[in-house]
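Asker: When you get a sec, could you give me coordinates for this:
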Amino acid sequence: MKEIKNGYEALVVALTLAVTAPTKKESRECLKMAEGLALHLSMKQIEQAKRQAEINLEWIEKNQIDAYGFQGEIA
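Answerer: Next up, the predicted model:
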C-alpha cells in the first residue's frame with residue numbers, strides 16, 4: 001500500500017474503507033474520519049474523492065478483494 005500524502009488521499013481511503021469495513025462499528029469510525037478530513041477540503045476535492053472511492057470500490061468488487069486486502073470470492 002502506498003503512503004497517504006495529503007488530506008484528499010486520506011479522504012479517498014476513509015470513504016473506501018467505510019464501505020468495505022468488516023463491521024458497522026469500523027464503518028462508522030471511517031465515516032467519522034472522512035467527515036473530519038472533508039472539513040479541510042474544497043467541495044470540488046470532496047466530490048472528486050467520492051468519485052475516486054467509487055472507482056476503488058468497483059475495482060475491489062471486480063478483483064474480489066476483501067476488507068483485509070485478500071483476493072478471493074466475496075460473499
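Asker: Ala10 against Ile4, yeah?
Answerer: Yes - between Ala10 and Ile4 there is a contact at 5.1 Å, judged by CB atoms under 8 Å. All C-beta atoms are positioned from the backbone trio N, CA, C, and that covers glycine.
Asker: Show me which of those two is the more surrounded one.
Answerer: Ala10 (18 against 13; other CB atoms under 10 Å).
Asker: what bits of the protein have low per-residue confidence?
Answerer: 1, 65-75 (pLDDT under 70).
Asker: Quick check: which element contains Gln22?
Answerer: Not Gln; residue 22 is Pro. Following DSSP states H and E, there is no helix or strand that holds Pro22.
Asker: Angles on the backbone of it, please.
Answerer: phi -70, psi -20 (degrees, to the nearest 10).
Asker: and it, how many neighbours?
Answerer: Pro22 has 10 neighbours, counted by other CB under 10 Å.
Asker: what's the spacing between it and Ser42?
Answerer: Note on Pro22: its distance to Ser42, by CB to CB, to the nearest Å, is 32 Å.
Asker: which residues sit in contact with the residue nearest the centre of the chain?
Answerer: The centre of the chain sits closest to Thr16, judged by CA atoms, centre = their mean, with a distance of 1.6 Å. Listed by CB atoms under 8 Å, 6 or more residues apart in numbering, the contact set of Thr16 reads 53, 56-57, 60.
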